[in-house]
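1. this is the structure alone, sequence omitted:
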């Protein structure tokens, strides 16, 4: 059970001008007291070893002085509210943090601003805690040298809500079950959210953008992703969501847009008696909407929209999509490249959708062909497949009940345009471009220009 209200006594200690510093006030307080902390810079490390509530007056700052933690909590039922917390040490070995809580169940860290901190909030063995309404900014370090904006270690039943986390490494949950992560914004990090061995967790209404990976979920069970936005995560990995050995996933009403890969799936689910469900999600403008490793099975997709991804669905390294279903209970998905019709106006296409793009098939074999995406070369290859079906590949997937319109997500507007057509003139131009492209590939091209073209 998440503890949001800390019981306190009627006694309050108020630090006036010229009073003893905050560390002395904490040492003198009795369990359950409230300490109202005035404006000014209060040096750390502040050690809280009894149940207390620290309420900051506007302008109250806790400054670690560039060494160690700003606040260290070792008691249950501690609330820290309204401070600017800054200038921790930068030792990854010591895991210096703005608030470092160990063995502190029921901690409430709320409405604080963290600046120049290695780790923001670090909860060890502190179940039932809440971290909410904070702004957490990391140190100006290389990504590998940063700490995590929020880290939970063996802290079950916690709430991470409405925080803004930027320029850190991850927000990571280790061995922490039944955590709710709600309405947070995480930007410019490595993994916006990172789960390891953490079960029965819920991610709702979060925005994860401009990270290397929006969320990396690993070795965990029974996860729910609902109404999240994974946008422009394009680092070296570049996943909106990465799944590794996850058993039990419901992903619904999420937006995956402008990532390198919307969702990448590796051995998830791994248990043979588990199926994963993706429904009413939008995969739009990603290089790959969904990418699955060749051995991935038992994933169901229904009611989703696949809109103008360079590859709508990909199998990495070759293989097929056997036992992954794109029609569930008579309902498929919306595909922006579907060229069928709906004669009876029931919202479901009269012809199946088949992913049988020759260019995408070639791309799966050789990623260097990505250089020719959206070029006349791609048009020419697809035109050749239509004119000469003998070169057409076996469909990667078939959706027997494709939808004629996409699902509606709040704040997301999608409109289906007319199906693309390749005229005889365009096909001829494309074939000419293909020949020029093959010849051009034999000429030296500066590495910089090649990289720019590929991106």
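-> Structure's in. What do you need? Note that this is a predicted model, so its numbers are computed, not measured.

2. ok, residue 260 touching residue 234?
-> Yes: using Cβ atoms under 8 Å, residue 260 is in contact with residue 234, at 5.0 Å. From N, CA and C alone the C-beta is placed, and that goes for glycine too.

3. SS state for residue 230?
-> The local conformation at residue 230, judged by DSSP: H, G, I helix; E, B strand; the rest coil, is strand.

4. let me see the contact set for the closest residue to it other than its chain neighbours.
-> Nearest residue to residue 230, sequence neighbours excluded (Cβ to Cβ, 6 or more residues apart in numbering): residue 240, at 3.3 Å. Residues in contact with residue 240 (Cβ atoms under 8 Å, 6 or more residues apart in numbering) are 208, 213-215, 230-231, 233, 256-257, 259, 261-263, 286.

5. quick check: domain ranges of this protein?
-> 1-189, 205-356+394-422 (automatic domain parsing).

6. using a markdown table, lay out those domains together with mean pLDDT and distance to residue 376.
-> A markdown table is the format used below for these (pLDDT from 0 to 100; distance: least, Cβ to Cβ, whole Å):
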| stretch | mean pLDDT | distance to residue 376 |
| --- | --- | --- |
| domain 1-189 | 90 | 37 |
| domain 205-356+394-422 | 91 | 10 |
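
7. might you report the residue contacts of residue 145?
-> Per Cβ under 8 Å, 6+ apart, neighbours of residue 145: 90, 92, 139.

8. generate a ChimeraX selection restricted to the buried subset of those residues.
-> Buried subset of the contacts of residue 145, written as a ChimeraX selection, criterion 16 or more other Cβ atoms under 10 Å:
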select :90,139
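
9. pick the one among the contacts of residue 145 closest to residue 396.
-> Nearest to residue 396, judged by Cβ to Cβ, of those is residue 92 at 43.5 Å.

10. that closest one against residue 118, yeah?
-> Yes: contact status for residue 92 versus residue 118: in contact at 7.2 Å, counting by Cβ under 8 Å.

11. what is in contact with the two at once?
-> What both residue 92 and residue 118 touch, as defined by Cβ under 8 Å, 6+ apart, is the set residue 147.

12. and the helices in the stretch 1-150 of the chain?
-> Using DSSP state H, counting those that start in this stretch, the helices of the stretch 1-150 of the chain run over residues 22-28.

13. is it true that residue 40 touches residue 61?
-> Yes: counting by Cβ under 8 Å, residue 61 is a contact partner of residue 40 at 7.0 Å.

14. the more surrounded of those two?
-> Comparing residue 40 with residue 61 by other Cβ atoms under 10 Å, the one with more neighbours is residue 61, at 20 against 13.

15. and the more buried one, what does it touch?
-> Under the criterion of Cβ under 8 Å, 6+ apart, the neighbours of residue 61 are 40, 41, 42, 83, 84, 85, 86.

16. against residue 133, how distant is residue 77?
-> The gap separating residue 77 from residue 133 is 19 Å, by Cβ to Cβ, to the nearest Å.

17. looking at these two, which is more packed in?
-> Between residue 77 and residue 133, residue 77 has the larger neighbour count (other Cβ under 10 Å), namely 22 against 16.

18. now the more buried one. Its backbone dihedrals?
-> According to degrees, to the nearest 10, the main-chain angles of residue 77 amount to phi 60, psi 50.

19. now residue 157
-> Note on residue 157: its backbone torsions stand at phi 60, psi 40 [degrees, to the nearest 10].

20. my guess is it contacts residue 199, does it?
-> No: Residue 157 is beyond contact range of residue 199, at 12.0 Å (criterion: Cβ under 8 Å).

21. what do these two both touch?
-> Taking Cβ under 8 Å, 6+ apart as the contact rule, residue 157 and residue 199 both touch 177, 178.

22. in the sheet, who's paired with residue 152?
-> Note on residue 152: beta-bridge partners by DSSP bridges are residue 123, residue 173.

23. how much space separates it from residue 180?
-> 12 Å.

24. shared neighbours, those two?
-> Shared contacts of residue 152 and residue 180, defined by Cβ under 8 Å, 6+ apart, comprise 158, 160.

25. compare those two (neighbour count), which wins?
-> residue 152 (28 against 16).

26. quick check, that one in contact with residue 127.
-> No: counting by Cβ under 8 Å, residue 152 does not reach residue 127; the two are 9.5 Å apart.

27. overlap in contacts, those two.
-> With Cβ under 8 Å, 6+ apart as the test, residue 152 and residue 127 both reach residue 158.

28. was I right to think residue 179 contacts residue 154?
-> No: in terms of Cβ under 8 Å, residue 179 does not count as a neighbour of residue 154; the distance is 11.5 Å.

29. the more surrounded of the two?
-> Taking neighbours as other Cβ under 10 Å, residue 179 and residue 154 compare with residue 179 leading, 24 against 15.

30. please tell me how far the more buried one sits from residue 401.
-> Separation of residue 179 from residue 401 (Cβ to Cβ) stands at 36 Å.

31. and what of residue 41?
-> 64 Å.

32. between these two, who's got more neighbours?
-> Set residue 41 next to residue 401 and count neighbours by other Cβ under 10 Å: residue 401 wins out with 20 against 14.

33. can I get the domains of the chain in JSON lines including distance to residue 195?
-> Output for the domains of the chain, formatted as JSON lines (distance: least, Cβ to Cβ, whole Å):
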{"stretch": "domain 1-189", "distance to residue 195": "5"}
{"stretch": "domain 205-356+394-422", "distance to residue 195": "5"}
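
34. you'd agree the residue nearest to residue 230 is in a strand?
-> Yes: secondary structure of residue 240 (three-state DSSP): part of a strand.

35. what's the end-to-end length of stretch 255-262?
-> End-to-end distance for stretch 255-262: 9 Å, by Cα to Cα, to the nearest Å.

36. switch to numbering from 20
-> Taking 20 as the first residue, the last one we looked at is stretch 274-281.

37. and that stretch, how far out from the chain middle?
-> Averaging C-alpha positions (Cα atoms, centre = their mean, to the nearest Å) puts stretch 274-281 10 Å from its chain's average.

38. start to end distance for stretch 65-82?
-> Start-to-end, stretch 65-82 (Cα to Cα) is 9 Å.

39. and that stretch, what's buried?
-> Using 16+ other Cβ under 10 Å as the test for burial, stretch 65-82 gives 65, 67, 69-75, 79-82.

40. and for stretch 153-162?
-> So, applying 16+ other Cβ under 10 Å, buried residues of stretch 153-162: 153, 154, 155, 156, 157, 158.

41. swap in stretch 230-250?
-> 230-237, 239-242, 244-250.

42. of those residues, which belong to strands?
-> Among the buried residues of stretch 230-250, the residues falling in strands (DSSP state E) are 232-237, 240-242, 244-245, 248-250.

43. any idea how far the residue lying closest to residue 160 once chain neighbours are set aside lies from residue 101?
-> Distances taken as Cβ to Cβ, 6+ apart place residue 109 nearest to residue 160, at 7.0 Å, with adjacent residues excluded. Residue 109 is 25 Å from residue 101, where distance means Cβ to Cβ.

44. any idea how far residue 346 is from residue 110?
-> Counting by Cβ to Cβ - residue 110 and residue 346 are separated by 54 Å.
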